[in-house]
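Visitor: give me coordinates for this.
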Amino acid sequence: MAWKEKYNKKLIVILGPNASGKSALAVNLAKEFNGEVISADSRQVYKGMDIGTGKITRKEMQGISHHLLDVASPKRRFTVTQYQKKANNAIKKIYKKRKIPILCGGTGFYIQSVVDGIIIPKVKPDWKFRNLLEKKPTEQLFQMLQYLDSKRAENIDKYNRRRLIRAIEIVVKTKKSIPVLKKQKKFDVLILGVKRDKLELEKRIKERLEKQLKQGMVKEVKRLKKSGLSWKRIEEFGLEYKFIAYHLQNKMEYNEMVKRLQKAIENYAKRQMTWFKRDKRIYWLKDKKTAKMLIKKFYK
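Guide: Residues are numbered from 1 along each chain as shown. Prediction:
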C-alpha cells in the first residue's frame, strides 16, 4: 500500500470484551497492512501484571511492535490522562514510520479518550476526600454521582469504584459537571468490534481462566505482594487479582475463588458490551475477511 499524507490522520480501533480474540485479530491485521498495535487496557500498562491481565506474549506478537504495555509501576496509579498522552505519542511515532496504528483493547474509557479526544479536567487528587468515599459501598457512590452529575453517571461503568470516586471528586472540587462532551477529535477512525455469542464467550472465558491458572497466575499475585504492594492495592486491580488476593488471605477457598472469578469475568464482559453498544460507529465483525475489506475501503 503506497503511503499517502492523508493516512496520518487515520486510526484503526479493534475492541471487544475479555477473551473475545481481539489481540490475535490485531496482530493478524497489523501483519497484513503494515501496522503496529497500541494496547488500550487499563491493567496491561502495569509491569509485572502479565498472566492476570491476559497480556500478549512475545511469541503471540509474531514480530509486530506493541505499545503501552509495561509502562507504569503497579505501586502508582496510572490515569486516563497519562494514557491519552502516551497513546497519542505512540500514534505519532507509528505515522513517522509510515505504518498503520491499530488501537486494540477492552477499556472503553481509554479508547474513548483517544478516539474522541476527550478533554479531562485537571484536578489534583484529594486523598483525604477519597478515603472518605472509599468507605461507601459502590452502589451508594453511583447514586451520589447520579445526584451530583447525572450526565456523567450515564457514561460511566457503575461498578468501577475507582472511576466513580474520581468522577465525584472532580464534580465536588470544580463545582461543575464533568464536561464529558468536550472533545478535540484528532483522527479519522474505523472502529471494528469483535463479538461472540453468549455461550461461546463464556466457553472462551472458562478456557482462558484455566490456562491462566496453569501458567501460574496465583504465583504472579504472590510476587506482587512480595514486591511491596498491599492487599488493598492488589484488590483494586479487580477480577483475577481481587479474587486471588481474597484466596491468599484465606477469605475464600480455591474452588470457590475459581467459580466466583469466572462469573465476575462474565459479568464484566457484559458491562464492556453495554459500554461498546452505545457507540453506533462500531462495525461488529462476523469474520476476519470483513475486517480486511473494511480496512481496504477505509484506506482508499
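
Visitor: going by C-alpha atoms from here, please, whenever you check contacts or count neighbours.
Guide: Fine.

Visitor: need phi/psi at Gly63.
Guide: phi 80, psi 0 (degrees, to the nearest 10).

Visitor: how far off centre is the host helix or strand of Lys296?
Guide: Using DSSP states H and E, Lys296 maps to helix 288-298. Between the centre of helix 288-298 and the centre of its host chain there is 24 Å, according to Cα atoms, centre = their mean, to the nearest Å.

Visitor: can I get it in CSV, CA atoms only?
Guide: What follows is helix 288-298, C-alpha atoms only, in CSV (Å, rounded to 0.1, in the frame of the first residue of the first chain):
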residue,chain,number,x,y,z
LYS,A,288,-11.6,-11.7,9.5
LYS,A,289,-12.5,-11.3,5.8
THR,A,290,-15.0,-8.5,6.6
ALA,A,291,-12.3,-6.7,8.7
LYS,A,292,-9.9,-6.7,5.8
MET,A,293,-12.5,-5.5,3.3
LEU,A,294,-13.4,-2.6,5.6
ILE,A,295,-9.8,-1.6,6.1
LYS,A,296,-9.1,-1.6,2.4
LYS,A,297,-12.1,0.6,1.8
PHE,A,298,-11.0,2.9,4.7
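
Visitor: which residue is nearest the middle of the protein?
Guide: The centroid of the chain falls nearest to Thr107 when counting by Cα atoms, centre = their mean (2.4 Å).

Visitor: what bridges to Leu285?
Guide: Val194 (DSSP bridges).

Visitor: my read: it touches Val194, true?
Guide: Yes. Judged on Cα atoms under 8 Å, Leu285 makes contact with Val194 at a distance of 5.7 Å.

Visitor: of the two, who's got more company?
Guide: Val194 (20 against 15; other Cα atoms under 10 Å).

Visitor: give me the pLDDT value at the more buried one.
Guide: Confidence at Val194, expressed as pLDDT, is 96.
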